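**Student:** Pasting the sequence and the predicted model now:
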Amino acid sequence: MPKLTDYVKMAADEYVRDRGSTELDARWIAEFFQDSGVQDAYPHQDLIAFADMVQKEPNREEERATKKAAFHLDKMIRRIRFPPKT
């Protein structure tokens, strides 16, 4: 049986891939919760808490990507050598 965090990552990846958005749709997550087996594997798991966990995953990935892009841009800018002003 997959761990709950595996279901969370699966849901987040599938949602972003299918919808191209990081804002989670309530109907979509409810269908995933029921159809993917989360409800059967974790009968005491609350749908709203699961949706919150799934929503955090794309937000984390987006934040990481932003930081990584900023780091690489800063690195590129520091490599550029401007000619001395005369």
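**Tutor:** On my side now, so go ahead. The model shown is predicted, which means the values in this text are computed figures rather than measured ones.
**Student:** residue ranges for the helices of this structure, please.
**Tutor:** With DSSP state H, the ranges of helices along the chain come out as 4-19, 26-35, 38-41, 47-79.
**Student:** show me where pLDDT drops low in the protein?
**Tutor:** Scanning the chain for pLDDT under 70 picks out 81-83, 86.
**Student:** picking that back up, any chance of the helices of the chain in TSV, with mean neighbour count and distance to K85 too?
**Tutor:** The C-beta positions use only the backbone N, C-alpha and C, and glycine is treated the same way. Listed next are the helices of the chain as TSV, based on neighbours: other CB atoms under 10 Å; distance: least, CB to CB, whole Å:
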stretch	mean neighbour count	distance to K85
helix 4-19	16	47
helix 26-35	14	57
helix 38-41	15	63
helix 47-79	12	18
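**Student:** wait, what's in contact with the most centrally placed residue in the chain?
**Tutor:** Residue closest to the average C-alpha location in the chain (CA atoms, centre = their mean): P58, at 1.6 Å. P58 makes contact with A12, Y15, V16, T22, L24, according to CB atoms under 8 Å, 6 or more residues apart in numbering.
**Student:** Check the residues you listed and tell me the two furthest apart.
**Tutor:** V16 and L24 (9.6 Å; CB to CB).
**Student:** returning to what we had before: and which of the contacts of P58 is nearest E63?
**Tutor:** Of those, the one sitting nearest to E63 (CB to CB) turns out to be T22, at 10.5 Å.
**Student:** what's the closest non-adjacent residue to that closest one?
**Tutor:** Nearest residue to T22, sequence neighbours excluded (CB to CB, 6 or more residues apart in numbering): P58, at 4.0 Å.
**Student:** Would you mind measuring from that neighbour to D40?
**Tutor:** 25 Å (CB to CB, to the nearest Å).
**Student:** just K3 next, same as before
**Tutor:** 15 Å.
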